[in-house]
Every structure is written in C-alpha cells, then in structure tokens.
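[1] Generate coordinates for the sequence data below:
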Amino acid sequence: MRQLLRVYKITAKNDPTALWLAILGFLLVFAASFLIGYLVNGLGSLGFWLWILTGTLSAVLTFMIVMSRRAERNAYIQIEGQAGAVGAVLDSQIRRSWRASSMPIAVNAKSREAVYRMIGPAGVVLIGEGSSARVQQMLDDEARRISRSAPGVTIHKIRVAVDGGVRLYALLKTVYKLKKSLTRSEVSAVANRLDALASSSAMPIPKGIDPMKVRPPKRKA
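    Residues are numbered from 1 along each chain as shown. Sure, this is the predicted structure:
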C-alpha cells in the first residue's frame, strides 16, 4: 500500500488530471450504484445498503484502475525517446497471443535507432524506434527480408517517436487494434520460422571455446 500510494503521489504530481479523472470515475460509479439501489429496493432497505456496499467497492476499484493506467502512461512518457524504450514495453506486458522480444532485430550502432518485431494475430509488426529517415529505411529492409522468408504474411510497420509517430504509451493499443490475419497455429509457425532463420544467420561460435573465458593474448616484451 505504501508503494501504491507513492506511485499515486508521483502520478498526481506529474499528471494533475489523473487524480481528477480517478475521482470522477469514483463518483460516477458510486452515484450509479446509489441510484440503482434506490430505484430497485427503495431507500433504507437491505438491498439498498448492499448496492451501496457494492458501489463503494466498485468505485474504489475504478479509482485504482484509472490511477494505475495513468501511472503506467506517465512512466512510459518518462522513458520516451531513450534507446531501448520500446524493448522495455515489449518486455513488460504482452498478450499471450503475441510473441515479441525486448531485443531488437536491427540496430544502427551510431544513432542507436532500432527495429523490434512482434508476431501475432495481425501478422508481423515491425516497430521502429527513432525519428530520423534512417528508421523508415531500416523498417523497409526488414520487411523485405521477412517477405522473402515468410511470403504471404501480412507485415505492418510502426514508427515510435514523440513527433511524427506513435507515442510509446499508445504502442500496444495501436498494435492490438490491427486487423487479424493469422490463426494461433499460423502465428507459431511464422514465429518459429523467423526465429530459426535468425539463428542460422548468426555467426557460429567455434566448438570447444567458451566465449566467457576467452582472454586477450599477452603482449611480448
């Protein structure tokens, strides 16, 4: 409860409208329960007080849900624009029908811009992190690779940016609204195929060598 109150205080400080929205949600739910209890059972009856109790609990729950959603939105805004922000979202909350990794499938080492991949009922979703034209080129390149590896699969391209793109806090909502084109079995087949191709294209490590124990050669005097 202390951690919850601390989060709510920070949220109310950074987002003043969050508290008012939560209070409004509380009052609306409580008022609706009061009105239903009065119309159905009459004032002062047992049924009326049961409606009041149910309405109070529902109103508190509504308050907590609104504050939690706004707290999550505020947390995303705090990390928005930082390298790896999309990965943090993909690592935290993904529906079970979707497959994603917090590791990008393509990275620009100089600008630290990256492309992430989600696979789900809507097909393959490529997510570009960055605001420059290079990100769009990276998205196009990855889309062509996937089209060759999994022909016929629907590919969506989304660019996450503060200006001219999808905001970080709206990323998953945007993805989940995409039209479905794959069944559950097809999602698994496409994901396994792309993962296998990614593994086969990776540089192999020579047998008998533990990369964690490799030491640079000593310089001769």
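
[2] only C-alpha atoms for contact and neighbour calcs from this point on.
    OK.

[3] so how far is the longest helix that the chain contains from its chain's centroid?
    Assignment by DSSP state H gives helix 46-79 as the longest helix of the chain. Offset of helix 46-79 from its chain centre (C-alpha atoms, centre = their mean, to the nearest Å): 21 Å.

[4] Next, the buried residues of that helix.
    Neighbour-count burial for helix 46-79 flags 48-49, 51-52, 54-56, 58-64, 66-68, 70-71, 73-74, 76 (criterion: 16 or more other C-alpha atoms under 10 Å).

[5] again with stretch 160-178
    Buried residues in stretch 160-178 (16+ other C-alpha under 10 Å): 160-161, 166-169, 171-172, 175.

[6] and that stretch, how far apart are its ends?
    End-to-end distance for stretch 160-178: 16 Å, by C-alpha to C-alpha, to the nearest Å.

[7] For it, give me every contacting residue.
    Contact with stretch 160-178 is made by 72-73, 76-77, 80-81, 85-86, 122, 125, 127-131, 158-159, as judged by C-alpha atoms under 8 Å, 6 or more residues apart in numbering.

[8] quick one: residue 156 is in a helix?
    No - counting by DSSP: H, G, I helix; E, B strand; the rest coil, residue 156 falls outside a helix, being strand.

[9] For residue 51, list the residues it contacts.
    33-34, 36-37.

[10] how about low-confidence regions in the chain?
    Per-residue confidence for the chain (pLDDT under 70) gives these ranges: 199-221.

[11] Please report how far residue 65 lies from residue 171.
    Distance of residue 65 to residue 171, computed by C-alpha to C-alpha: 19 Å.

[12] my bad, should have said residue 109
    Going from residue 109 to residue 171 by C-alpha to C-alpha gives 24 Å.

[13] on that earlier part again, filter the contacts of stretch 160-178 to the buried ones?
    73, 76, 80-81, 85-86, 122, 125, 127-131, 158-159.

[14] Which of those residues fall within helices?
    73, 76, 85-86.

[15] for the chain, what spans make up the strands?
    Ranges of strands within the chain are 99-100, 106-107, 114-120, 123-129, 155-160, based on DSSP state E.

[16] Show me what the second one is in contact with.
    Same thing as strand 106-107. With C-alpha under 8 Å, 6+ apart, strand 106-107 has contacts from 113-116, 138, 142.

[17] any idea which of these is closest to residue 2?
    residue 116 (35.5 Å; C-alpha to C-alpha).

[18] about what we covered before: any idea which of the strands of the chain gets closest to residue 10?
    Nearest to residue 10 among those is strand 155-160 (25.1 Å), distances taken as C-alpha to C-alpha.

[19] Specify the angle between the closest one and strand 114-120 in degrees.
    Put simply, strand 155-160 runs at 130 degrees to strand 114-120, going by axes from the mean of the first three to the mean of the last three C-alpha atoms, to 10 degrees.
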